Each structure stands twice: as structure tokens, then as C-alpha cells.
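A.B. asks: Model the structure of this input:
(one chain, ligands or ions: 2)
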Amino acid sequence: MPSSTVNLSSYPPLFRPPNLTHQAQTTSAPSMAADPPDLLPLVDFQDLQPKQLGQACRDWGVFRLINHGVPGTLLSGLSEQAMEMFNLSFETKKDQFTDPITYFWSTPALTAQSVAQSVRNVNWVEGFNVPLCQLPLLQTQHPSSFTSFRSRLEEYGKHMGRLGRAMFEAMLEDLKLDKENYSSYLAESTAFIRAYRYPQCSDATRVSGMDAHTDSSIMTILSQDDVGGLQVCRDNCWVHVKPVPGTLVVNIGDMMQAISNEEYKSVMHRVKANQVKERFSICYFVFPGEDTVIQSSRYMPFTYKQFQAQVQRDVKATGAKVGLARFKRDCSF
Ligand SMILES: O=C(O)CCC(=O)C(=O)O
Ligand SMILES: [Fe+2]
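C.D. replies: Ligands and ions are numbered 1, 2, ... in the order given. Next comes the predicted model:
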């Protein structure tokens with residue numbers, strides 16, 4: 001990847017401190033060979049074994065996926081195009097991407113004003129949110145570079161759907177849950193993609209790229225560049241998820257923790273801000289149908305719609321997601 005100059009007009013104003021080094025280092029990270037490997041479990045998609053997959057979901061709630069069949073050209077093409085979109089001016093992104101593809105920066109749930117008032121809560125990230133089922137309907141009111149971005153996103157979304165479905169079925173098999181009854185828990189129509197840029201940050205020790213959280217999804221499939229910064233929580237320690245070219249990282253979300261009756265772990269994770277490099281990642285999230293009732297012995301029956309509404313209420317009231325704890329049968333709230 002060539003070295004490039006940061007286009008400051010593409011950064012949200014809050015991310016443009018005067019002391020920011022204008023030369024972003026987007027050259028390759030130092031060789032990974034000298035670094036100790038992380039211990040993230042490895043899952044081979046071409047040899048998907050429900051038991052082994054289940055073990056990774058129980059022990060870690062996250063694993064690295066290899067032999068996934070997503071063409072390398074699609075992965076690199078999509079990330080190059082995402083970089084181009086992020087390089088549009090902040091004003092263009094803000095004004096032209098409203099619905100259904102939305103542009104956001106920092107924490108989507110917070111308004112720009114509340115973000116400005118509490119800089120400590122700022123997530124040093126901007127993103128495009130892409131609901132996959134609405135992609136084909138999209139008119140071309142967007143910049144022309146968007147057209148090929150859109151078609152690559154559609155292709156990528158199909159691959160993610162294929163991977164998500166197959167892994168979900170293998171998880172059901174591992175959990176000994178009936179495929180007929182549970183297959184509707186995964187609703188591909190709910191899936192969305194988020195493309196992220198984590199701008200370089202001159203004060204990377206004071207802010208987060210993304211604060212520690214669990215995902216609300218059934219599962220999340222992540223493609224990250226070579227910069228690094230993603231960390232997952234394991235036995236109360238943060239483990240750095242090393243970027244490994246050509247692989248994907250899959251993590252279990254809250255809905256799968258509930259569906260599995262807490263056998264699988266919705267893993268806590270975060271992204272560190274980086275002082276000298278921008279980082280790009282692309283995340284696919286998939287959920288149960290809004291009105292599908294999730295039944296399990298540890299949680300009260302609930303729908304994803306109810307869960308999401310509760311998350312919104314909690315974030316508004318306290319600034320943080322409470323999540324599944326709200327729906328435990330022995331909930332103390
Ligand atoms: O960018 C990443 O590596 C992770 C993003 C993430 O955790 C999220 O979108 O929920
Ligand atoms: Fe996440």
C-alpha cells in the first residue's frame with residue numbers, strides 16, 4: 001500500500017487537531033514474522049467442523065476464519081474503494097450519505113453536539129452504514145465513485161450471507177438445536193455492512209478507536225487491514241487480534257449468546273486509536289428477524305426489536321449499552 005497524505009478536509013472537524021502529522025503512514029506494518037502469534041482459534045471454512053467451531057465460540061467467542069472463499073481481489077477492491085469514499089470531503093459525506101446509506105462519525109448514537117461537549121467519550125472513527133437489502137434500490141444520487149463501491153458491496157454481502165448461514169447451521173448442530181425451528185433466527189434481510197476509517201489520532205492514549213463493547217448481532221464478520229488495533233477480552237485480559245492477510249475474524253454477538261443459552265460468549269472487544277496510521281475495516285452484522293421470539297432458559301423471551309429498543313433507551317439515559325443483562329430471568333434492574 002503506498003504512503004499517502006492525509007486529506008484533512010475529509011476528516012470530521014473534531015479529528016483535525018492542529019498538531020496532526022499530515023503525512024499518514026499507510027505503508028505496510030512491520031513484518032509480522034517477528035511478533036508472537038496471537039492464540040485466536042483458527043476455523044477452516046472448507047472443513048467446517050461443528051464441534052471445533054463450537055469450542056471456539058465457547059472458549060473465546062471469536063475466531064479467525066481461513067479458506068472462506070471470498071476472492072482476494074474482492075477484499076482488496078472493496079477496501080480500496082472504501083478508502084476512496086472516506087477521502088471525499090467531510091461535507092460531501094455528511095450531506096450526500098443520509099439514507100439508506102448513512103455516514104456517521106464518532107458514536108452513531110450520540111449527536112455531534114454531545115460529542116463535542118464530552119471529548120473523552122469520542123470514538124475516533126467514522127463510517128458508512130449499509131443496509132444490504134436496500135442496496136439494489138439505491139438511486140445514483142451519490143458521487144460516481146459510489147457505483148462500483150455499491151456493486152462490490154453487493155457481491156461482498158452475498159459472500160458474507162453464504163458464510164454466515166453455513167456457520168450458523170454448524171453452530172446449531174454443535175448446540176444440538178433443531179435446524180428447522182432455529183433457522184429463522186438468522187434473518188439475512190437484517191444484515192448490514194459498516195465500513196470504518198479510524199483516523200490517525202495525535203493523542204491516541206486518551207481516546208479510543210472504539211470503546212469496549214459487545215455486538216448485538218448473531219455474529220459479526222470482520223475484514224481488517226494490516227494496521228491492527230482490535231483487541232478482544234479473554235479471561236479479563238485484552239488480547240490483540242493480529243491482522244493476518246486474507247483471513248476474516250468472526251465474533252459471536254449478544255443474540256447468539258442468548259440463542260445458545262449462554263454456551264457461546266458474546267465477546268467484549270475494542271479498537272485502540274493509532275497515533276501514526278489510519279486504519280480501515282469492514283464489518284458484516286447479521287441479526288434475528290425483528291419479531292422472532294428468542295427463547296432460552298436463562299433469558300426471558302424477547303425479540304430483537306425489544307432488545308434494540310432497550311439498548312437505545314439505555315444509551316440515551318446513561319451513555320452506555322446494558323445489553324443482555326436486562327433480559328436475564330434473574331435480572332436485578
Ligand atoms: O473495526 C473493527 O475492527 C471492529 C469494529 C466493531 O467492533 C464494531 O463495529 O462493532
Ligand atoms: Fe464490535
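A.B. asks: Give me the neighbour count for the closest residue to ligand 1 within the chain.
C.D. replies: Proximity of the chain to ligand 1 (C-beta to the nearest ligand atom) peaks at Ser281, 3.5 Å away. Glycine gets a C-beta too; all of them are placed from N, C-alpha and C. By other C-beta atoms under 10 Å, 25 other residues sit near Ser281.
A.B. asks: List the contacts of it.
C.D. replies: Contact analysis of Ser281 by C-beta atoms under 8 Å, 6 or more residues apart in numbering lists Ala195, Tyr196, Tyr198, Leu222, Ser223, Gln224, Asp225, Leu230, Val271.
A.B. asks: Where strands are concerned, which of those residues count?
C.D. replies: Among the contacts of Ser281, the ones falling in strands (DSSP state E) are Ala195, Tyr196, Tyr198, Leu222, Ser223, Gln224, Leu230, Val271.
A.B. asks: how about JSON lines for these, with distance to ligand 1 and neighbour count added?
C.D. replies: Formatted as JSON lines, the ones in strands among the contacts of Ser281 follow (distance: C-beta to the nearest ligand atom, whole Å; neighbours: other C-beta atoms under 10 Å):
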{"residue": "Ala195", "distance to ligand 1": "10", "neighbour count": "24"}
{"residue": "Tyr196", "distance to ligand 1": "5", "neighbour count": "22"}
{"residue": "Tyr198", "distance to ligand 1": "7", "neighbour count": "27"}
{"residue": "Leu222", "distance to ligand 1": "5", "neighbour count": "22"}
{"residue": "Ser223", "distance to ligand 1": "9", "neighbour count": "26"}
{"residue": "Gln224", "distance to ligand 1": "5", "neighbour count": "24"}
{"residue": "Leu230", "distance to ligand 1": "4", "neighbour count": "23"}
{"residue": "Val271", "distance to ligand 1": "5", "neighbour count": "24"}
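A.B. asks: From the residues you listed, pick the one nearest Ala204.
C.D. replies: Closest approach between the ones in strands among the contacts of Ser281 and Ala204, by C-beta to C-beta: Tyr198, at 9.9 Å.
A.B. asks: Retrieve the pLDDT associated with that closest one.
C.D. replies: As summarised for this prediction, Tyr198 has a pLDDT of 96.
A.B. asks: Across the sheet, point out what pairs with it.
C.D. replies: On the basis of DSSP bridges, Tyr198 is bridged to Arg279.
A.B. asks: How about the contacts made by it?
C.D. replies: Counted by C-beta under 8 Å, 6+ apart, Tyr198 has contacts 124-125, 209-210, 227, 229, 271, 273-274, 278-281.
A.B. asks: Output stretch 202-213 as PDB, nothing but the C-alphas.
C.D. replies: Taking C-alpha atoms only, stretch 202-213 is exported to PDB below (Å, rounded to 0.1, in the frame of the first residue of the first chain):
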ATOM      1  CA  SER A 202      -2.300  12.700  17.900                       C
ATOM      2  CA  ASP A 203      -3.500  11.800  21.400                       C
ATOM      3  CA  ALA A 204      -4.100   8.000  21.000                       C
ATOM      4  CA  THR A 205      -3.700   7.200  24.600                       C
ATOM      5  CA  ARG A 206      -6.600   9.500  25.600                       C
ATOM      6  CA  VAL A 207      -9.200   8.300  23.200                       C
ATOM      7  CA  SER A 208     -10.500   5.000  21.800                       C
ATOM      8  CA  GLY A 209     -10.900   4.000  18.200                       C
ATOM      9  CA  MET A 210     -14.000   2.200  19.500                       C
ATOM     10  CA  ASP A 211     -14.800   1.700  23.200                       C
ATOM     11  CA  ALA A 212     -15.200  -1.800  24.700                       C
ATOM     12  CA  HIS A 213     -18.500  -3.300  23.800                       C
END
